[in-house]
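> Generate coordinates for the sequence data below:
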Amino acid sequence: MGRNKALLPWPPLKSEDATLDAVRTGTLLSATIVALSRWSEMVIVVAGENEAALRPIVYSRAAFLVRNPAPDQGQLSSLQIGLRKVLNRGRDAAMIALVDRPPARAATLKTLVKAFEGRDRETWSVVPEFQGKHGHPILAGREMIEAFLKAPAAATAREIEHAHQPRIAYVPVNDPRVTMNINTPEDYDALRSGSGR
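Have a look, this model is predicted:
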């Protein structure tokens, strides 16, 4: 991307989300914090070397910040640090989102939370699915959290998810944001113009 994705200005999209309207002049990170705060008791942001830049955004939105001292070990290391913090704060479930995706719509989050709350004991996680593609945020129960935490450092979150597919409920949603990645300036421009898929 060439710049810190978390600090990208939140684009002025047409939105049914009144919650997100309040942060249109914010960043992708602040918009995600606001969206998740409505459905979570706490939001924990895992930072790397960008900790100082993220700190004012995180704290101004009443979220918690934890630093990954070795972000070069990959995305799984950040996920594991965040999930340990979840467990250390006495929680046994987490909603996992990535900073390079716009926040899911409020209706999508409501659908995912309802599916997670109504899941059976054999289901460890709920994952949104848009047009056959799996997305984020992932809602993970204690068993899935433990699977992520026990994974070897060389693994990826996707590999762990796929290894436990029989334990995952994939929930179809009508929200392209759950699968959008913002990896390039062109991706970001498509999101800003509303043409991102």
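> list the contacts for residue 122?
Contact analysis of residue 122 by C-beta atoms under 8 Å, 6 or more residues apart in numbering lists residue 167. C-beta: built from backbone N, CA, C; applies to glycine.
> quick one: the helices in the chain?
In the chain, the segments counted as helices under DSSP state H are 18-21, 28-37, 51-60, 75-88, 106-117, 142-150, 157-163, 185-193.
> tell me, what residue is most central in the protein?
residue 97 (0.5 Å; C-alpha atoms, centre = their mean).
> can you count the residues close to the closest residue to that one other than its chain neighbours?
Closest residue to residue 97 in three dimensions, ignoring its sequence neighbours and counting by C-beta to C-beta, 6 or more residues apart in numbering: residue 137, at 4.2 Å. Per other C-beta atoms under 10 Å, the neighbour tally for residue 137 reads 26.
> low pLDDT regions in this protein?
Counting by pLDDT under 70, the chain contains low-confidence residues at 1, 11-25, 194-197.
> thinking again about what came up before, please identify the most buried of the helices of the chain.
helix 28-37 (a mean of 24; mean count of other C-beta atoms under 10 Å).
> what separates that one from the chain centre, distance-wise?
Its chain's C-alpha centre and that of helix 28-37 lie 9 Å apart, by C-alpha atoms, centre = their mean, to the nearest Å.
> If you count contacts, what does it end up packed against?
Judged by 3 or more C-beta pairs under 8 Å, 6 or more residues apart in numbering; DSSP states H and E, the packing partners of helix 28-37 are helix 18-21, helix 51-60, helix 106-117.
> which one of those helices lies closest to residue 166?
helix 106-117 (16.4 Å; C-beta to C-beta).
> Could you list every helix and strand in contact with the closest one?
Using 3+ C-beta pairs under 8 Å, 6+ apart, helix 106-117 is in contact with helix 18-21, helix 28-37, strand 125-130, strand 138-141, strand 168-172.
> 7 Å instead?
Judged by 3 or more C-beta pairs under 7 Å, 6 or more residues apart in numbering; DSSP states H and E, helix 106-117 is in contact with strand 125-130, strand 168-172.
> Redo those as JSON lines? Include distance to residue 142 and mean neighbour count.
Below are these laid out as JSON lines (distance: least, C-beta to C-beta, whole Å; neighbours: other C-beta atoms under 10 Å):
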{"stretch": "strand 125-130", "distance to residue 142": "10", "mean neighbour count": "22"}
{"stretch": "strand 168-172", "distance to residue 142": "14", "mean neighbour count": "16"}
